[in-house]
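Engineer: Next come a sequence and a model predicted from it.
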Amino acid sequence: MATTEIMTINMGPQHPSTHGVLQLILELDGEIVKKATPHIGFLHRGVEKLSEHRTYHQVIPLTDRLDYLAPMSNNLGYVLAVEKLLGITDLIPDRANRVRVILAELTRIKSHLVWLATHALDIGAMTVFLYCFREREAIIDIYEKISGARMTSNYFRVGGLSADLPAGIEQEIRSFVAAMPGLVDTYEGLLTGNRIWQKRTIGVGKISAEDAIDIGLSGPALRGSGVDWDLRRDNPYCGYEEYDFNVPVRTEGDTFARYKARLDEMRESCKIVNQALDKLQPGPVLADAPKVCLPPKKDVVNTIEGLIHHFKIITEGFKAEVGEVYQGIEAPKGELGYYLISDGGNHPYRMKIRPPSFVNLQALPQMVEGSLLADVIATIGTLDIVLGEIDR
């Protein structure tokens, strides 16, 4: 009587298709995956513990290093949580909120471009990889002109922005979002009707709406299974309720569905950016909260009050009243949440981060069980995980 032997192999943490230092312990019966066990922690840097010894402003650069493909979104979720803790949400200037929305949506496009590039490369589509990185470079150039940094932007501040937009950048953003929908059509022309792409994605990595909700999936991974949920619409922040956009939802729950959902999201993000640019009016970009926000440079140089405020905020920071808050945003990969506890000091007593990649990764064992070994690569890619925010 023939017998089969279960083979256990390691995938990662050096494997390029794990998109970071993820290790998978795979149990195989031939080429069929019987069990997959993710091992994480190789990129742990202790961000949550470090935040307990930083002032509230000093935590902002730490958030850049979570999902390092979407630093503006990481900054945004954190500063919104601190503003809620301080009770100054209603003081944020309209211009600051518009700029936050513009950059959050450009970040979504940029993150999805890296996802599509690497996902396509994993499956063998080299051309799309090159096209997507070309467009990503254009967004990074915009990042650099606005914040001075290409990746770790550190641009948002508690109370608004670190500086106003530079001259001419609005037209550059308009030109980019005008061209982007046509470029997305180009990607679709290369992939969507391609028989190899369809064979590698349709019916692969399926998960039902019920299981997606039970596990806690969010973002395109959730909406690809037919669950119509988006925090920008259902729990709006930064004035998202003022924008007209659709939430792409697919019902198939497979790799192809999540691919289509993200492509449609890029088109919708372009619509939101255009609307935000139309609504953008001149004005301040920092709240009128002297105990929290840094004074203008001219006040620091010319007045003793400005100099004292600047000195106190830089050296000691500000104190938040005793309390706790949770703030979630719709980051490119799903719900990014910050839970902050204050004991009345000038730094968080505790900061718990809910990274979407960490939760979405929990679905991987169920999604790949019974699939071919080659389909594990496609399934990891469709979850769009980043180990920086998984390990923190």
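Structural biologist: That came in fine, so what should we check first?
Engineer: From the chain's centroid, how far away is whichever helix in the chain runs longest?
Structural biologist: Assignment by DSSP state H gives helix 94-123 as the longest helix of the chain. When distances are taken as Cα atoms, centre = their mean, to the nearest Å, helix 94-123 is centred 8 Å away from the chain's centroid.
Engineer: Likewise for stretch 248-260?
Structural biologist: That offset, for stretch 248-260, works out to 19 Å (Cα atoms, centre = their mean).
Engineer: now swap in stretch 234-245 and tell me
Structural biologist: Worked out by Cα atoms, centre = their mean, stretch 234-245 lies 17 Å from the chain centre.
Engineer: And it, end to end?
Structural biologist: 12 Å (Cα to Cα, to the nearest Å).
Engineer: And for stretch 9-20?
Structural biologist: End residues of stretch 9-20 are separated by 18 Å (Cα to Cα).
Engineer: So which elements touch the helix or strand following the longest helix of the chain?
Structural biologist: Using DSSP states H and E, the helix or strand that follows helix 94-123 towards the C-terminus is helix 126-147. When contacts are defined as 3 or more Cβ pairs under 8 Å, 6 or more residues apart in numbering; DSSP states H and E, helix 126-147 packs onto helix 94-123, helix 169-191. Yep, even glycine has a C-beta here, placed from its N, CA and C like the rest.
Engineer: Packing partners of the longest one?
Structural biologist: Judged by 3+ Cβ pairs under 8 Å, 6+ apart, the packing partners of helix 94-123 are helix 71-86, helix 126-147, strand 160-161, helix 169-191, helix 195-201, helix 255-279, helix 373-383.
Engineer: go with 7 Å
Structural biologist: If contacts are counted by 3 or more Cβ pairs under 7 Å, 6 or more residues apart in numbering; DSSP states H and E, helix 94-123 sits against helix 71-86, helix 126-147, strand 160-161, helix 169-191, helix 255-279, helix 373-383.
Engineer: quick one: which of these is nearest Lys35?
Structural biologist: Closest approach to Lys35 among the helices and strands packed on helix 94-123 is made by helix 373-383 (11.6 Å; Cβ to Cβ).
Engineer: what is the mean pLDDT for the closest one?
Structural biologist: Helix 373-383 shows a mean pLDDT of 89.
Engineer: Neighbours of Leu121, how many?
Structural biologist: 18 (other Cβ atoms under 10 Å).
Engineer: Okay, it and Thr382: tell me how far apart.
Structural biologist: Leu121 is 14 Å from Thr382, where distance means Cβ to Cβ, to the nearest Å.
Engineer: Check the contact lists of these two and give me the overlap.
Structural biologist: Residues touching both Leu121 and Thr382 by Cβ atoms under 7 Å, 6 or more residues apart in numbering: none at all.
Engineer: Pull the contacting residues for Gly334.
Structural biologist: Taking Cβ under 7 Å, 6+ apart, we find Gly334 in contact with 218-219, 221-222, 356, 360.
Engineer: Now with 10 Å, please.
Structural biologist: 216-223, 229-231, 328, 354-360, 383-384 (Cβ atoms under 10 Å, 6 or more residues apart in numbering).
Engineer: quick revisit: any chance of TSV for the helices and strands packed on helix 94-123, columns mean neighbour count?
Structural biologist: Shown next, in TSV, are those (neighbours: other Cβ atoms under 10 Å):
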stretch	mean neighbour count
helix 71-86	25
helix 126-147	17
strand 160-161	24
helix 169-191	16
helix 255-279	21
helix 373-383	22
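Engineer: Would you reformat those as TSV and include distance to Gly30?
Structural biologist: Formatted as TSV, these follow (distance: least, Cβ to Cβ, whole Å):
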stretch	distance to Gly30
helix 71-86	41
helix 126-147	29
strand 160-161	56
helix 169-191	29
helix 255-279	22
helix 373-383	9
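Engineer: out of these, nearest to Val300?
Structural biologist: strand 160-161 (16.8 Å).
Engineer: now the closest one: mean pLDDT?
Structural biologist: Across strand 160-161, the average pLDDT comes to 90.
Engineer: how far does stretch 7-18 stretch from start to finish?
Structural biologist: 20 Å.
Engineer: buried sites along that stretch?
Structural biologist: 11-13, 15, 17-18 (16 or more other Cβ atoms under 10 Å).
Engineer: Also stretch 86-101?
Structural biologist: 86, 88, 91-93, 95-101.
Engineer: Throw those into JSON lines and include pLDDT and distance to Leu165, thanks.
Structural biologist: JSON lines is the format used below for those (pLDDT from 0 to 100; distance: Cβ to Cβ, whole Å):
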{"residue": "Leu86", "pLDDT": "92", "distance to Leu165": "25"}
{"residue": "Ile88", "pLDDT": "90", "distance to Leu165": "22"}
{"residue": "Leu91", "pLDDT": "90", "distance to Leu165": "20"}
{"residue": "Ile92", "pLDDT": "91", "distance to Leu165": "16"}
{"residue": "Pro93", "pLDDT": "92", "distance to Leu165": "13"}
{"residue": "Arg95", "pLDDT": "93", "distance to Leu165": "9"}
{"residue": "Ala96", "pLDDT": "93", "distance to Leu165": "11"}
{"residue": "Asn97", "pLDDT": "93", "distance to Leu165": "13"}
{"residue": "Arg98", "pLDDT": "94", "distance to Leu165": "10"}
{"residue": "Val99", "pLDDT": "94", "distance to Leu165": "6"}
{"residue": "Arg100", "pLDDT": "94", "distance to Leu165": "12"}
{"residue": "Val101", "pLDDT": "94", "distance to Leu165": "13"}
